[in-house]
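Undergrad: Curious how this folds, go ahead:
(2 chains)
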Protein chains: 2
Amino acid sequence: MSDTPDSAVHTVRTYTEQHRAAFLDDLVEWLRIPSVSAQPEHAPDVRRSAEWLAGKLRETGFPVAEVWETEGAPAVFAEWPAGEDDAPTVLVYGHHDVQPAAREDGWDTDPFEPVIRGNRLHARGAADDKGQVFFHTLGVRAHLALTGRSAPAVNLKLLVEGEEESGSPHFRALVEGHRERLAADAVVVSDTGMWSETTPTVCTGMRGVADCEIELYGPDQDIHSGSFGGAVPNPVTAAARIVAALHDEDERVTIPGFYDGVTELTDAERALIAELPFDESSWLATAKSYGTLGEAGYSTLERVWARPTAEVNGMGGGYQGPGGKTIVPSSAMLKLSFRLVAGQDPYALETAVRDWVAARVPDGIRHKITFGAPTRPCLTPLDHPALQSVVRSMSKAFDGAKIRFTREGGSGPAADLQDVLAAPVLFLGISVPSDGWHAPNEKVELDLLFKGVETVAHLWGDLSGALR
Amino acid sequence: MSDTPDSAVHTVRTYTEQHRAAFLDDLVEWLRIPSVSAQPEHAPDVRRSAEWLAGKLRETGFPVAEVWETEGAPAVFAEWPAGEDDAPTVLVYGHHDVQPAAREDGWDTDPFEPVIRGNRLHARGAADDKGQVFFHTLGVRAHLALTGRSAPAVNLKLLVEGEEESGSPHFRALVEGHRERLAADAVVVSDTGMWSETTPTVCTGMRGVADCEIELYGPDQDIHSGSFGGAVPNPVTAAARIVAALHDEDERVTIPGFYDGVTELTDAERALIAELPFDESSWLATAKSYGTLGEAGYSTLERVWARPTAEVNGMGGGYQGPGGKTIVPSSAMLKLSFRLVAGQDPYALETAVRDWVAARVPDGIRHKITFGAPTRPCLTPLDHPALQSVVRSMSKAFDGAKIRFTREGGSGPAADLQDVLAAPVLFLGISVPSDGWHAPNEKVELDLLFKGVETVAHLWGDLSGALR
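TA: Numbers count the residues shown, from 1 in each chain, chains lettered A, B, ... in the order given. Down below sits the predicted model:
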């Protein structure tokens, strides 16, 4: 064991390489469990996933690894005390549930039969988030190998929830209910990404999200569009008019009060974002999109990192089969989600959306709005000393590369941890934009997965000093 | 046999009642065949339906009953010459295909297992249009019983097509290809309705229809709405904006040129419509709707009978399953149909729609529009002598009731017959608005079905005189 930086890098890398095959075998086994929290028929799989992980964490060496019940899907909690009275405490957050996935959505292979092609592991959850939870297992072992310790240099806690992809409806209650056991000096969230394979970055903030489903009911059944069309309101038309009215011609959201409290970007932050090596055409290729469109006055990165949005995620009504069917449909449905930035209150938004929709539904159409539990936005203080620990540790894993800063357009329940535990949130993620989160053929880059392992191996010792 | 009106009514009614049970047994057998022309898997059923009908028409006495092939589904042609050189020729039009129907759409019973409840026969096609085709079989037999003839008093032809519910894409070619065998002095269309069970009416016009499907493609796959949302165009939003832009705040269609050529209602026609015993709340009950909405400046009846419309029949895109899925969807689809009135050119409309949609699709979204074959609008001349034959014959069947005039909001290929055969089109329909065309639990009123039989029995003799 040595404490010179070069030999530390070498020690960690060697240890990681020695355990690479067994680590991947285990991860593949976990990815085979289709822990889709949004689909009730997969509830047993979400539980199986939690139990599998708790068992694996005990194997890793965590003296405590428990399945925690919620009113929804179970979470996993594990704890490995440092064994020293003055050691700081770090809570790692991730999730073991995954987005829905089906072969016919466009997957080249079964989303729950992981396959390694070249240097990539393809499976639903490979990057979001099982892969990024799992690098902490080999990471803590590599930390022990590096330091010669029998326990981590920090009191290490893991909380891996099972409902993140369903909007974490019971997460806040879970955290509040276990406030004391979860107490930490810092939270490390491993559910985000990096700029690219060649530009390692640390994320400093995430957007929140609020989502709702709007059901619209017109005639009691589909009716003949010749006999009645043109004289009764059509619920699909009503739904479309709501979606079309969401944005003005500058693509700004029109719901009154939507932008209330929004933390605007400073000039310095805009400059920092502008410095990143952003290439719109390659970003578009990653987005598999053919054009950009967004709020006037902001760049693409600003739009996805720092601006709130309203998006329609799904919509349906009337006849969607082959051929035509000349009806006035009886109902329509639309699913909206809103990305939120620091300063926005999701509950105020819910009220605003309900009022705004109600005012736009014509006479003769009945409607119902159902909101999911919101996820708050989160911003990490740039000047926190623990952030420099993350930067230093990543830099070692990435062979001395300069670590830059990003934000994350996606959402996670990090803000609840920040609120309830009164702890700063750090982000340690190794996923890259091409990983295809929520999309067919999701993958994780194996090289980056092991950079995650190495970063963890360096981080616990560094953070142990920074947090004292 | 007698020619006093009262005894003619009695003779026809007695004959009809004697054959009622066998007639219903046959109709039920036909309704069991799920001849859904819009669904390719039912193509063999559409053929079976045609063959069944041709066989039944031969049993009825038609010396000629043939299945006519088209590039799509087969039609049935039958002919029963009067046997007199100077007899006029009448062509009856109907269709043997039906709308899609499935138990889960809200049917109380299997749509293709006919059931008689009280005085109603429930089945897909009971009113639209198998029931109304079928009353011509017993009708012509009752005509022979009434007149003592061995052949009808007119050269009677039937053309029963198999693609009406799919927009009759090959009907015009069929009629053009058989122009000589179809030649007629008048066309009788039995594919429309009456005002109500207690107000018998003759229809004088139908709207046309043009329909299209618009496909919109955004990202190559569903993408994460956190990572990319707010910065790329969403095809569901684009689809919704097209639907929302279809109408202005007066519910007038905004597509440039849409109203070009429209035959406006005269003051006399508006007065005739206003005289009908229209009760909006009972009309709404029939429409199973909770409010009226339509083009400003027109009454409900005017809107459905005499005004062109744009309607969305179906729309879909993104995630429509349970729970949420925070994506920017990769595609969206919408099905539009346009009801047309006399004077509108469906091909000019197609061009206008294509241009209008293309101008509204944002950069980064690709789109495709597919139009079905249009059905032209049709208006019967109110002063044609043959129309009075229909009125007189109906009045006998309805025990001397006053026959009023309506139009039909729906569409049929009657206009093609009018164009190609240069023959006036008469409408003889006994369906009522509550029959639920294109809707779950479609039915026909048995009393009215037999009024149809009786009307036909009186009509051929009357028309034989009127058309000479």
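Undergrad: could I have the longest helix seen in chain A exported to PDB, CA atoms only?
TA: Using DSSP state H, we find that the single longest helix of chain A is helix A:446-466. What follows is helix A:446-466 as a C-alpha-only set of coordinates in PDB (Å, rounded to 0.1, in the frame of the first residue of the first chain):
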ATOM      1  CA  LEU A 446     -17.600  -0.500 -19.500                       C
ATOM      2  CA  ASP A 447     -14.500   1.700 -19.400                       C
ATOM      3  CA  LEU A 448     -16.500   4.400 -17.700                       C
ATOM      4  CA  LEU A 449     -18.100   1.900 -15.300                       C
ATOM      5  CA  PHE A 450     -14.700   1.000 -14.000                       C
ATOM      6  CA  LYS A 451     -13.700   4.700 -13.800                       C
ATOM      7  CA  GLY A 452     -16.600   4.900 -11.400                       C
ATOM      8  CA  VAL A 453     -15.200   2.000  -9.400                       C
ATOM      9  CA  GLU A 454     -11.800   3.800  -9.300                       C
ATOM     10  CA  THR A 455     -13.300   7.100  -8.300                       C
ATOM     11  CA  VAL A 456     -15.100   5.600  -5.400                       C
ATOM     12  CA  ALA A 457     -11.900   3.800  -4.300                       C
ATOM     13  CA  HIS A 458     -10.100   7.200  -4.100                       C
ATOM     14  CA  LEU A 459     -13.100   9.200  -2.900                       C
ATOM     15  CA  TRP A 460     -13.800   7.700   0.600                       C
ATOM     16  CA  GLY A 461     -10.300   8.500   1.900                       C
ATOM     17  CA  ASP A 462     -10.200  12.000   0.400                       C
ATOM     18  CA  LEU A 463     -13.700  12.800   1.600                       C
ATOM     19  CA  SER A 464     -12.900  11.500   5.100                       C
ATOM     20  CA  GLY A 465     -10.500  14.400   5.400                       C
ATOM     21  CA  ALA A 466     -12.500  17.000   3.600                       C
END
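Undergrad: and residue A:249, how many neighbours?
TA: Applying other CB atoms under 10 Å in any protein chain shown, we find 6 residues neighbouring residue A:249. Using the backbone N, CA and C atoms, a C-beta is placed for each residue, glycine as well.
Undergrad: Without its sequence neighbours, what residue ends up closest to the residue in the stretch 101-250 of chain A that chain B sits nearest to?
TA: Chain B sits closest to residue A:226 of the stretch 101-250 of chain A, with a gap of 2.9 Å, by CB to the nearest CB. Nearest non-adjacent residue to residue A:226, counting by CB to CB, 6 or more residues apart in numbering or on different chains: residue B:410, 2.9 Å away.
Undergrad: May I have the secondary structure class of the one you found?
TA: Assigned state for residue B:410: coil (three-state reduction, DSSP: H, G, I helix; E, B strand; the rest coil).
Undergrad: So which residues on the stretch 51-200 of chain A come close to chain B?
TA: Within reach of chain B by CB under 8 Å from any CB of the partner chain, the stretch 51-200 of chain A has these residues: A:99, A:100, A:105, A:106, A:166, A:167, A:193.
Undergrad: mind redoing it with 7 Å?
TA: A:99, A:100, A:106, A:166, A:167 (CB under 7 Å from any CB of the partner chain).
Undergrad: again with the stretch 301-450 of chain A
TA: A:303-304, A:307, A:309, A:311-329, A:333, A:335, A:337, A:339, A:362-364, A:366, A:372, A:409-411, A:433, A:437-440.
Undergrad: can we see that at 6 Å?
TA: A:303-304, A:309, A:311-320, A:323-327, A:337, A:362-364, A:372, A:409-411, A:437-440 (CB under 6 Å from any CB of the partner chain).
Undergrad: Now, the residues you listed that are in strands?
TA: A:309, A:311, A:312, A:313, A:314, A:315, A:316, A:317, A:318, A:327, A:337 (DSSP state E).
Undergrad: what's the most distant pair in those residues?
TA: Comparing every pair within those by CB to CB identifies A:309 and A:327 as the most remote, at 33.2 Å.
Undergrad: Does anything pack onto the helix or strand bottoming out on mean pLDDT in chain A? Which helices or strands?
TA: The weakest-scoring helix or strand in chain A, judged by mean pLDDT, DSSP states H and E, is strand A:378-379 (a mean of 80). When contacts are defined as 3 or more CB pairs under 6 Å, 6 or more residues apart in numbering or on different chains; DSSP states H and E, strand A:378-379 sits against strand A:201-206.
Undergrad: Swap in 8 Å and give it another go.
TA: Contacts defined by 3 or more CB pairs under 8 Å, 6 or more residues apart in numbering or on different chains; DSSP states H and E place strand A:378-379 against strand A:201-206, helix A:414-421.
Undergrad: roughly how far out does it sit from the chain middle?
TA: In terms of CA atoms, centre = their mean, to the nearest Å, the centre of strand A:378-379 is found 13 Å from the chain centre.
Undergrad: which other residues reach that strand?
TA: Residues external to strand A:378-379 that are found in contact with it (CB atoms under 8 Å, 6 or more residues apart in numbering or on different chains): A:204, A:205, A:206, A:208, A:263, A:342, A:412, A:414, A:415, A:418, A:425.
Undergrad: strand partners of that strand, parallel vs antiparallel please.
TA: Strands that pair with strand A:378-379, judged by DSSP bridges, come out as strand A:201-206 (antiparallel).
Undergrad: Give me the angle between the next helix or strand after the strand it pairs with and strand A:309-318.
TA: Downstream of strand A:201-206, the first helix or strand assigned by DSSP states H and E is strand A:208-217. If you take axes from the mean of the first three to the mean of the last three CA atoms, to 10 degrees, strand A:208-217 sits at 30 degrees to strand A:309-318.
Undergrad: Report all helices and strands that strand A:208-217 contacts.
TA: helix A:235-245, strand A:331-340, helix A:346-360, strand A:366-371.
Undergrad: CA atoms of the third one as CSV?
TA: So that's helix A:346-360. The C-alpha atoms that make up helix A:346-360 are tabulated as CSV, following Å, rounded to 0.1, in the frame of the first residue of the first chain:
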residue,chain,number,x,y,z
PRO,A,346,-44.2,21.9,-7.7
TYR,A,347,-47.4,22.2,-5.6
ALA,A,348,-48.0,25.7,-6.8
LEU,A,349,-47.5,24.4,-10.3
GLU,A,350,-50.1,21.7,-9.7
THR,A,351,-52.7,24.2,-8.7
ALA,A,352,-51.8,26.4,-11.7
VAL,A,353,-52.1,23.5,-14.1
ARG,A,354,-55.5,22.4,-12.7
ASP,A,355,-56.9,25.9,-13.0
TRP,A,356,-55.5,26.5,-16.4
VAL,A,357,-56.7,23.2,-17.8
ALA,A,358,-60.2,23.6,-16.3
ALA,A,359,-60.5,27.0,-18.0
ARG,A,360,-59.7,25.4,-21.4
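Undergrad: Check which residues of that helix are buried.
TA: Neighbour counts using 16 or more other CB atoms under 10 Å in any protein chain shown place A:346, A:349, A:350, A:352, A:353, A:356, A:357 of helix A:346-360 among the buried residues.
Undergrad: check contacts around the last one.
TA: This means residue A:357. A:214, A:242, A:367, A:369.
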